[in-house]
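**Student:** what's the 3D shape of this:
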Amino acid sequence: LNEISNMMSGSPNASPADAEIDLITSRLVLGKTVDDLHLDTAIEPQYTPIVGSLLHKLNRSADPELSLNTLDVPKNWLNKEFFIKIIDNNTYSITSPDDNTSEGKVGQLLKINNGVSVQIDQLLAEPGQKFAITQYSRLAAIQNINKNLSISTRSTSPIINMFYRGNDPENIQLILDSII
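**Tutor:** Sure thing, here's the model as predicted:
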């Protein structure tokens with residue numbers, strides 16, 4: 001609440017829209033969006049550089065999907081990539097940032113000696129497909145949202161325009177809806 005009261009008592013020249021923009025971009029609001037939408041975890045399919053993603057788009061094949069139930073990493077591995085490689089419909093390997101590889105089964109919790117726990121609930125990908133997964137600290141996840149969020153007003157209007165950069169229109173809409 002201190003954060004909100006500090007925003008509302010800003011400079012005397014600030015417009016009401018400025019206070020609203022400060023509130024929208026606050027860690028309080030963006031942190032709730034991170035928590036509600038689980039934006040502290042990123043899952044990205046990996047393709048062969050340049051050619052791989054282009055071929056995938058040209059083939060119009062379904063995007064590979066990986067659904068995580070659990071990803072817990074120690075603090076020293078927050079914001080670092082792990083790599084998942086699909087072995088078959090039920091088996092995968094995970095490579096940690098220190099290049100150790102373990103094998104897991106879909107639907108089963110895999111605990112790795114270095115304090116990592118991962119459980120994959122669903123794989124919709126061909127054998128050999130790779131994914132990069134990252135668990136971000138809450139602050140890094142908030143900063144990721146802020147980096148892609150643009151807010152503007154017109155000097156003569158109290159209306160605020162919000163834009164979010166991304167590749168997935170549905171995800172963009174979810175994020176913007178959560179923020180407002």
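
**Student:** dihedrals phi and psi, N79?
**Tutor:** Phi and psi for N79, reported as degrees, to the nearest 10, are phi 70, psi 20.

**Student:** right, and it touches S137 too?
**Tutor:** Yes: contact between N79 and S137 holds when scored by Cβ atoms under 8 Å: they sit 6.0 Å apart. From N, CA and C alone the C-beta is placed, and that goes for glycine too.

**Student:** which one's more surrounded, the two?
**Tutor:** When neighbours are counted by other Cβ atoms under 10 Å, N79 comes out ahead of the other of N79 and S137, with 18 against 12.

**Student:** who touches that one in this structure?
**Tutor:** In this structure, N79 makes contact with T134, Q135, Y136, S137, A140, judged by Cβ atoms under 8 Å, 6 or more residues apart in numbering.

**Student:** again, 7 Å this time
**Tutor:** Under the criterion of Cβ atoms under 7 Å, 6 or more residues apart in numbering, the neighbours of N79 are T134, Y136, S137, A140.

**Student:** what about stretch 164-180, average pLDDT?
**Tutor:** If you average the pLDDT over stretch 164-180, you get 92.

**Student:** could you tell me the end-to-end distance of stretch 145-159?
**Tutor:** Taking Cα to Cα, to the nearest Å, the first and last residues of stretch 145-159 lie 21 Å apart.

**Student:** OK, contacts around the nearest residue in space to L174 that is not next to it in sequence?
**Tutor:** Computed as Cβ to Cβ, 6 or more residues apart in numbering, the closest residue to L174 that is not its neighbour in sequence is L37, at 6.0 Å. Under the criterion of Cβ under 7 Å, 6+ apart, the contact partners of L37 comprise L174, I175, S178.
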